[in-house]
Structures are given as C-alpha cells and as structure tokens.
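**Q** With the sequence up front, the predicted model follows.
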Amino acid sequence: MRVLGFLPGLVAVCLLSVGLNSHVQAQVTYQQFESPEQYEQYRQLAEQLRCVVCANQSILASNAPVAESMREEVFDLLVNREMSPQAILASMKQSYGQAVHYRPPMTGETRLLWWGPWAILVLAFVAGFFWIRRLFKS
Amino acid sequence: MTVWLGQSMLWLLVALGAMTALWATFRLVHSQHRSSHYERVERDARYLSGLLRLMFVGLSLLMALLIWAFLSDDFRLAYVARHSALTLPFYYKIAAVWGGHEGSLLLWVWLLSAWIGVTTFHASLPGMLHFRLLTIQAWLLFAFVLFLAATSTPFTAAETVLPDGLGLNPLLQDWALALHPPMLYMGYVGVVPAFALVMAMLWHRDETGTNLRWSQPYLQVAWVFLTLGIALGSFWAYYELGWGGWWFWDPVENASLLPWLVLTAALHTTPIASRQPRMLGFAMFLVIVVFVLTLLGAFLVRSGILSSVHAFAVDPTRGRMLLLFTLWVAALAFLMLGLRRSRAQSGIGIAFLSRETLVFFASLLFLVMMLTVLLGTLYPIVIRSMGISDLSVGAPYFNQVMAPLTWGLVALMGLTSVLSWQNTQPRRLLRRLTWQVSGALIGGILFWWALPVHSPDTLAVSLMASWLVASVVVWGLRYRAATASRSLSDRPKTLSGYPIGAWVAHAGFVLLLLGMVLSTVMEQALEIRLQPGESMTIHDQTLLFEKITEQPGANYLTQQAHFRLNPGEPGARRLRPEKRTYIGQKMPVAEVAIHSTLARDLYIAMGEKQGKQAWSFRIQYTPWIRALWTGVLLMALGGAIAWGQRHWRKAQAGRELG
C-alpha cells in the first residue's frame, strides 16, 4: 500500500539510478562536500527523509539501493544546485509525497497531532486537580 | 509425530484451561449462595493452584518439544523450516524458537503460566480474594492458550519437507536480540498478577487498599525486566542495524515504551494507594492501563498495520482477533472500575503540599507522555486508513513534543526531596527549596561550563541533571536527619531500611538523561571513502584502514575491514567491522566494530565497495553513550534492589515476630 503512494517518486528514482549507473557514481561520502558545514546539512536532511521502500528507516540509515539514489538526489540538490535545506525538503516532498518527510507539516489534518499533547496535558492537569481535591483534609 | 504430539497436547491444554476456569467460576458462584466455609475455600484454592501449575507443566513440555524440534532440525514442522537451518549454531536454534509469531506467542503464554504458577505459591492474601485472583488468571491463561491453538500453533506440518530450512533472519542472529523477547515478555506478563489482583479486588469489593501491596513485587520485577528488554532492543539497534543511533521512535519501539511509561507511574502510585484508600481508584486505573497497553502492543506489533524494521512476527489475519480481545478486556476492566470503584472517604487525607500530590501529578504526566507517543504512533495509520493523506511521524515530531514533557517530569521528580508524605510545612519547604535550587544552579552551570559544547540543549540537560542530583542529595540528608532524631531502637539497623533501590534507580535516570542528550548533541559522524593504507582523523583519534579480507564464518561469508586505531602509539588497537552474507540470503548484514572507553565510543560500520579498492565507511565518535547504557542498567539494578530490600525487610519482620 505504502509503495503505491510513492509510485511517481519510485519511477523517478529508477530512472535516476539508471542514469547514474552509466557512469558509476560512488556513494555519497564526506570527501565530496565542499565544507564540513555542508556535510552536516546533508546529514541532517538525510536523517529526516524516509527511505520509500524500506520498513521505516531514514535514507541515512538504510543501505537499500533506493535509499542510496535518494541520498545522491539530496547531494545533487545541495551541492550541485546549491539549494537551501528548506527548498530541498520541499522538492523531495514534491517528488515522493508528504510521507517522505519524518516531520509532519502543521496543516489542517495534523493540527490534532501537534496540539493534541498540549491539550491532553492541560485537560489531565485540570481534571487531576479537581479529582485530587477530594483527598485533601477538610 | 512432533506435529501430532504438539497439536494434541496444545488442544488438551485448551481443554484443561477451559475446565480450570469454568470450575473455578462455578465454585465461586456456588459459594456466594451459601456461607462460605473457610476450609472449603482453602481446599478449592489448593485444587485450583494444582490445576494452574499443571497448565504450567503442560506448556513447559510444549516449549521443550518445540525447542527439541529446532535442535534436531525437524523440518517436517513448517515453523522450524521457516525459521531455522542446518548450519545455524545451536544457540541461535534455541533463539529461533521465538524468531517468528507462533513460537514467540508460545514463549509469551509459557511465561504467563510461569508467573501464574508463582502467584499460586504466594498466598498472603485473604482466601477468597486469592481464589478470585487465581480464577481471573485462569480465564486469561485460557484465552491466551485458545488463541495460540486456534490461530498460531507452531505445530503444523510442512507441505513439502525440505532437506534444509530457510534460515533465521540474519538480523536476529545476535545475542542481544536473542534475549530481547524473553526479557520483554517477562515484563509484559509480570503485569498480569497485578491486573488480576485489581480485578479481584473490584469483584470482591475490597476497599481496604492494603491488599494492593501484594502486587508491588510483581510490578517491580515486571518493571526491571521491561526496562532491560527495551534497553536490549535499543542496544541491538545501536550496534546491529549499523546506523549509529539507539532510538528511532519506531512504532515497534514505541509499543514497548507505552506500557513502560505507565508501569513506572503505577510502581510509584500503588504503595501510596495502600496507605491512602482514596488513591485506590487511581492506582487501579493505572494498573489496568498498563495491562491493556501490553495487549495493544502485541496487536500493533503482530498485526502488520505498522511498517517497521523491528517487527519480525507479522500476521494480519490474527490482528483482528488480538484487537477484539484487547478491546473486550479493556471494556470489561474499565466498566468494573467505573461501577465498583471505591468511593470511600476513609483515610486521614493529605495536604496539597505533599509527596502524594506530587506522585499523582507526575503519574498524570506519565499518562500524558504515553498518550502523546500513542497519538504519534497511531496518527499516520488512522489518517491513511481514512484516506485523508499519507504522512510519516518520526523522530523530529517525537523529540520536539516529548522533550518539554520530559523536562516537566524531571522538574517534578526533583521536588520529591523537598516534600514530605501527607503534609509539608511551607516554611521548611521554602528553606529546602532555596538550598536545592541554588545548589542545582551552581552545579549545573559549572557542569555546563566544563562541557566542550555550549548550546541551549547542553545547558538544559546540565541544569536538569544537577537538579536531580541535588534532589537525591537533599533526600539523603533529610533521611539521615530524620533517622538521627529517632530513638536508637527505631532507626534502621541494616542498609535494607534505607531506600537504596530508589536512590540507585533515580541516579541511573540522571545518567540516562545525560547520555541521551549529550551523546546526541556531541556525536560526530562521517560517511567516508577510504583506500587501503589511507587513514582518517575523527575528533582526536586516527584510524588507519589497512586491508579487506574475506573468510567463512559458521553460516556466513564475511568481508572484514582491518582498522588500526592510533597507529604509531604503543599498543595500538585493531577494529574489524564486517559485512556478512548469510547462507541463503542476498542482502549482506553489517557487523559494526566499536571501541569503547568510559568517555566515548568509536564506531565503524562498513558501507559499500567503491571502485576497485576503496570502500565507504560510517565512522562515528560518540561521547557519553556509555552513560546512557550504564544509566539504564542502574535503573534496572535499582528496581531489583528495591525488590530485594522488600523481601529482606519481610524476612526480618518475620524473624522478629517469631
């Protein structure tokens, strides 16, 4: 099921990896970056992006071929096209769908997700206060 | 033969379980009409205990049969053929017994029967209450055995008998993951006696509260095992998955964290409830929630509705039954609690400024944390099944939401020392608080100053840690002052009179907190490409990549990278990360090499071959990670000490009486 949602992105990955295989691209490594800061940016991006065929692993953690091509995509956007991290995340979401990003956005359908914990906290403490009052010495 | 024997024994146990539960219920209903004679209850309890122990013996035999089938490579059993192979070392053949859904469920049920067996010996409860407790456990055991037999029997014949099995998932061929399920399940089933006691008390209309104390050692042992089980899983993820992290907020990890959070709250609340009957309802509520969460966890992990790298026993067809069972148990238990909860206003009552209030609000915070993890885990599933959208909720969400909640919890924890049971005089509270806050501020800032990284995160964790340390110190000082003012005969004569277990566990939590934050903030990681003979430097450590060798292992082929740490220095260490390709598997599995000192881990995982000679590696320098593991071990140790002290005190009290 999950794979279906990623279909457009998968096609892109396959095409990309075919293209890359023709001139044997090495795995993304530290030496290819222009500065340690840029490498750190890359790591932080790769950590937040989900490998689209894996069982819940980030593209940084997974050693599946798809994760590899996605890492190369991030590298390409960051180093060759000099895009900002925000723009890269947006571009990745464009091609793979929202689920590629481990951080859900703050939109209509995720309002409950983001505000839920704080609502529960306030409710629990207010209700708890009224409940525990019964225990106080009169 | 094994299939036939296993199947008939299993169904025999179903029959025995049904008979036990029905007979016990019948005796209970019967005895309610007449005045129940003490002797008759005693006799019935003996019979029931015997039957439950018989169930344990039967399940032990079944377990032994399955282990034997694995050890003797009986591939006529479909389950053995799916999860084992001739070349598997014998210790992993035993671990392979719980390598899939069926066998791990058998392990779960067997451990459950073992715990129930223990409760039959442990009869310091009033006769009728104990009988009800055993009856409820008999029903639960029957339900589990029935589920096992009807949907998940490991004793089915293979359609075609192959000369060799498919082999155990290579990720599971590891000592930590071999021990992980038994530990975790010990934690889960350890909650059952406490849950059964709560239900029995509600059924019995027992409102005294003192009987709830009986469940405390079970909760303590369950907590110790659950803590160790989660830690083992996390440790395995750290060194076996090769990604360098130790917690991913993966749904399966979360499923084990949910009961742990509430169990921790229950552990702190039940002793209070046994003194304050007005807290009884809340303590019972917590215990019920923990039990329901263990069932919910089983459903989440085994039904296949989650996508996870940690789930190894997935089967959607059984998911529905598990969910139904969970919902039924939850509905029944909460209904009982709602209808029969004690509304007694007995007991002396407490003041707002008391430890009781503090533990209550901290427990609420644990509940909020649990609900948050649950929300984040279920949200994507619900949203997707409703067809609204597809999204992932991962570490960025959980870290952002859980961090403030954890800080809140730490703030409350640190207040334990300045508050007293029942009532605290505001002036004393203020005086202690001034000392503790100023101590914590000074200590925290000094510690932060000494750290190599000065960021808001490290400042926060320094302050929190020193707040807790200050609180443990103030707690200890107050304890000393309190015992010194007592008369000599009233003072604790041995160490068992001091809450050492609690101190150790709380100190362990401080280390865990430091380890979690500092290892994450200060970690340095590189994916790097190296040629043989090339060296690299991370932090102040130099690593020389010498060569790659290939050799066969027990049931795999391995490529080993040879590294030398700080070459040139005397006694240079070698590190050998591996990439193993197991027989019958395509994807290789990385075995990381770790060089640990107290202060840091140096971690190498092999990547891919790059061209003719070069390889890529993930090299990581992680300070403070040992504090994390030590902290968890101390927490478990503290729990075990607290459990031991209880026994010691009891034995002492017994000696003094006798």
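**A** Great, that's in hand. Numbering: from 1, shown residues only, chains lettered A, B, ... in the order given.
**Q** for chain A, what's the longest helix?
**A** helix A:111-132 (DSSP state H).
**Q** which strands and helices sit next to it?
**A** Helices and strands touching helix A:111-132, by 3 or more C-beta pairs under 8 Å, 6 or more residues apart in numbering or on different chains; DSSP states H and E, are helix B:355-385, helix B:395-414. All C-beta spots, glycine's among them, are computed from the backbone N, C-alpha and C.
**Q** Any idea how many residues pack against residue 81?
**A** No chain was given, so I picked chain A. 10 (other C-beta atoms under 10 Å in any protein chain shown).
**Q** That was the other one, I meant chain B.
**A** Counted with other C-beta under 10 Å, the burial measure for B:A81 works out to 22 neighbours.
**Q** Next up, the contacts around it.
**A** B:F75, B:A158, B:V161, B:L162, B:G165, B:L166 (C-beta atoms under 8 Å, 6 or more residues apart in numbering or on different chains).
**Q** which non-adjacent residue is nearest the residue in the stretch 351-500 of chain B positioned nearest to chain A?
**A** The nearest approach of the stretch 351-500 of chain B to chain A comes at B:G394, 2.9 Å away (C-beta to the nearest C-beta). Distance criterion C-beta to C-beta, 6 or more residues apart in numbering or on different chains; nearest residue to B:G394, sequence neighbours excluded, is A:Y102 at 2.9 Å.
**Q** Pass me the low-pLDDT residue ranges in chain A, would you?
**A** A:1-26, A:137-138 (pLDDT under 70).
**Q** How is it divided into domains?
**A** Following automatic domain parsing, one finds the domains of chain A at A:2-103, A:108-138.
**Q** which residues of the stretch 1-150 of chain B fall in helices?
**A** B:2-33, B:38-71, B:78-83, B:90-95, B:101-121, B:127-151 (DSSP state H, counting those that start in this stretch).
**Q** and the closest residue in space to B:H539 that isn't next to it in sequence, what are its bridge partners?
**A** Leaving aside its chain neighbours, B:H539 sits nearest to B:Y621 (4.5 Å; criterion: C-beta to C-beta, 6+ apart). Taking DSSP bridges, one obtains B:Q524, B:L602 as the residues bridged to B:Y621.
**Q** could the helices and strands packed on helix A:111-132 go into a markdown table alongside distance to B:W648?
**A** A markdown table is the format used below for the helices and strands packed on helix A:111-132 (distance: least, C-beta to C-beta, whole Å):
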| stretch | distance to B:W648 |
| --- | --- |
| helix B:355-385 | 24 |
| helix B:395-414 | 26 |
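**Q** Which stretch among these is buried most, on average?
**A** Most buried of the helices and strands packed on helix A:111-132 by mean neighbour count (mean count of other C-beta atoms under 10 Å in any protein chain shown) is helix B:355-385; its value is a mean of 21.
**Q** what helices or strands is that helix leaning on?
**A** Partner elements for helix B:355-385 (3+ C-beta pairs under 8 Å, 6+ apart): helix A:111-132, helix B:251-275, helix B:280-303, helix B:395-414.
**Q** ok, now with 6 Å
**A** Applying 3 or more C-beta pairs under 6 Å, 6 or more residues apart in numbering or on different chains; DSSP states H and E, we find helix B:355-385 packed against helix A:111-132, helix B:251-275, helix B:395-414.
**Q** which stretch among these comes nearest A:S91?
**A** Proximity to A:S91, assessed across the helices and strands packed on helix B:355-385 by C-beta to C-beta, is greatest for helix B:395-414 (17.9 Å).
**Q** Around chain A, which positions in chain B sit nearby?
**A** Applying C-beta under 6 Å from any C-beta of the partner chain, we find that chain B lies next to chain A at B:243, B:250, B:278, B:307-309, B:349-350, B:360, B:364, B:368, B:371-372, B:375, B:379, B:388-394, B:396-397, B:401, B:526-529, B:608, B:610, B:616.
**Q** Hmm, B:V418 and B:R355 touching each other?
**A** No: in this structure B:R355 lies outside contact range of B:V418 using C-beta atoms under 6 Å: 9.6 Å.
**Q** Just read off the phi/psi values of B:G99.
**A** phi -80, psi -10 (degrees, to the nearest 10).
**Q** Residue of chain A nearest chain B, please.
**A** Closest point on chain A to chain B, by C-beta to the nearest C-beta, is A:Y102, at 2.9 Å.
**Q** OK, contacts around that residue?
**A** Residues near A:Y102 by C-beta atoms under 6 Å, 6 or more residues apart in numbering or on different chains: A:Q48, A:R50, B:S392, B:G394, B:P396.
**Q** how about TSV for those, with distance to B:S274 added?
**A** Listed next are those as TSV, based on distance: C-beta to C-beta, whole Å:
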residue	distance to B:S274
A:Q48	47
A:R50	47
B:S392	44
B:G394	41
B:P396	42
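**Q** Which two of these have the greatest separation?
**A** Farthest pair in the contacts of A:Y102, by C-beta to C-beta: A:R50 and B:P396, 11.3 Å.
**Q** Which pLDDT value belongs to B:A484?
**A** Per-residue confidence (pLDDT) for B:A484: 74.
**Q** sorry, that was for B:G100
**A** Each residue has a pLDDT score; the one for B:G100 is 89.
**Q** Roughly how far does the spatially most central residue of chain B sit from chain A?
**A** Nearest to the mean C-alpha position of chain B, counting by C-alpha atoms, centre = their mean, stands B:L226 at 2.0 Å. Distance of B:L226 to chain A, computed by C-beta to the nearest C-beta, to the nearest Å: 22 Å.
**Q** what's the nearest residue to that residue if we skip its chain neighbours?
**A** B:G187 (2.9 Å).
**Q** next one: B:S215
**A** Closest to B:S215 by C-beta to C-beta, 6+ apart is B:A194, at 3.8 Å.
**Q** Contact partners for the one you found?
**A** Neighbouring residues of B:A194 by C-beta under 6 Å, 6+ apart: B:S215, B:Y218, B:L219, B:V287.
**Q** can you tell me the helix or strand for it?
**A** Per DSSP states H and E, B:A194 falls inside helix B:192-204.
**Q** Count the neighbours of the closest residue to chain A within the stretch 401-550 of chain B for me.
**A** Residue nearest to chain A within the stretch 401-550 of chain B: B:R529 (4.1 Å; C-beta to the nearest C-beta). Per other C-beta under 10 Å, the neighbour tally for B:R529 reads 21.
**Q** Is it bridged to anything, and to what?
**A** Where B:R529 sits in a bridge, its partners, by DSSP bridges, are B:S616.
**Q** That one is in contact with B:A614, isn't it?
**A** Yes: counting by C-beta under 6 Å, B:A614 is a contact partner of B:R529 at 5.4 Å.
**Q** got the contact list for B:W421?
**A** Contacts of B:W421 by C-beta under 6 Å, 6+ apart are B:R355.
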